[in-house]
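**Q** need coordinates for the below:
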Amino acid sequence: MQVSVSSGGRVRHPAQTGPAWLLSMCQDVCEGMEYLEAHSFLHRDLAARNCLVDERNVVKVSDFGMTRYVLDNQYISSSGAKFPVKWSPPEVLHYSKYSSKSDVWSFGVVMWEIYSEGRTPFENHSNLEVVNEITRGTRLFRPHRATQLLYAIMYRCWHEVRAPGSPVLFKSDEYFIRTGRTGEGHQSIQIRA
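**A** Here you go, the predicted model:
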């Protein structure tokens, strides 16, 4: 997501994308994931590469090839199935166990991708190295465009121990109030893990 095209066909570079727009992108993804979760779906492949930006700069979650309908908020994949290692939590890496918690983890990685201007998570590591790093508790570093408050939201998404059903709150209006920035039209979004 380093470069996007505006409705007028002009290329928008990262320097022209302010904090409010980056936060709005995160909110749009969160709303899409909240919708899927409310309808008992697990995405299982949430990543910036699977998000589209329309002519009004609204981000839409896409690529539902790995999406599953679940009744008990849990899905265990068959052995040998491929999955996006660098966007996956420990329970997926070790047990192929998906839940809304694994989508929350991926949402944190998408936030990281947005605030790092499209960098690939763990970009210089092999999948095996990533599995070992995540297992040891290593998490992605704070991207240069993310404030400490935004990084804290990302980091909460990557907590291994969280009670089932406990919400991870993405409150953009709280962020704007606490930072003194203006952000009209933003609201609190919550996804449960």
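**Q** pull out the buried positions in the longest helix along the chain.
**A** With DSSP state H setting the assignment, residue counts place helix 19-38 as the longest helix in the chain. Within helix 19-38, the residues that qualify as buried by neighbour count (16 or more other C-beta atoms under 10 Å) are 19-20, 22-34, 36-37. Placement of C-beta: from N, CA and C, glycine included.
**Q** residue contacts, Val110?
**A** 26, 29, 46-48, 51, 87 (C-beta atoms under 8 Å, 6 or more residues apart in numbering).
**Q** which of the helices or strands spans it?
**A** Assigned by DSSP states H and E, Val110 belongs to helix 100-115.
**Q** how far away is Ser116 from Arg142?
**A** Ser116 sits 9 Å away from Arg142, going by C-beta to C-beta, to the nearest Å.
**Q** more neighbours, these two?
**A** Neighbours of Ser116 and Arg142, each counted by other C-beta atoms under 10 Å, are more numerous for Ser116; the result is 21 against 17.
**Q** mind checking how far that one is from His39?
**A** With the distance defined as C-beta to C-beta, Ser116 ends up 30 Å from His39.
**Q** just Arg156 next, same as before
**A** Computed as C-beta to C-beta, the Arg156 to His39 distance reads 24 Å.
**Q** who's more crowded, those two?
**A** Using other C-beta under 10 Å as the criterion, Arg156 and His39 rank with Arg156 on top: 15 against 8.
**Q** how about the helices in this protein?
**A** Assigned by DSSP H, the helices in the chain fall at 19-38, 90-95, 100-115, 127-136, 148-157, 172-179.
**Q** just send the ones you listed back as CSV, with mean pLDDT and distance to Lys60 too.
**A** Written out in CSV, the entries for the helices of the chain read as follows (pLDDT from 0 to 100; distance: least, C-beta to C-beta, whole Å):
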stretch, mean pLDDT, distance to Lys60
helix 19-38, 87, 7
helix 90-95, 83, 24
helix 100-115, 90, 13
helix 127-136, 93, 27
helix 148-157, 92, 20
helix 172-179, 45, 18
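**Q** and those helices as TSV, adding distance to Val61?
**A** Written out in TSV, the entries for those read as follows (distance: least, C-beta to C-beta, whole Å):
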stretch	distance to Val61
helix 19-38	4
helix 90-95	18
helix 100-115	9
helix 127-136	23
helix 148-157	16
helix 172-179	17
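**Q** sorry, back to before: can I get the helix holding Val110 in CSV, CA atoms only?
**A** The C-alpha trace of helix 100-115 is given here as CSV (Å, rounded to 0.1, in the frame of the first residue of the first chain):
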residue,chain,number,x,y,z
SER,A,100,-11.6,-14.8,15.5
LYS,A,101,-8.5,-14.4,17.7
SER,A,102,-6.3,-15.4,14.7
ASP,A,103,-8.1,-12.7,12.6
VAL,A,104,-7.4,-10.2,15.3
TRP,A,105,-3.7,-11.1,15.2
SER,A,106,-3.7,-10.6,11.4
PHE,A,107,-5.5,-7.3,11.8
GLY,A,108,-2.6,-6.1,14.0
VAL,A,109,-0.2,-7.1,11.2
VAL,A,110,-2.3,-5.2,8.6
MET,A,111,-2.1,-2.1,10.9
TRP,A,112,1.7,-2.7,10.9
GLU,A,113,1.8,-2.9,7.1
ILE,A,114,-0.2,0.3,6.8
TYR,A,115,2.0,2.2,9.2
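**Q** fine, thanks again, bye for now.
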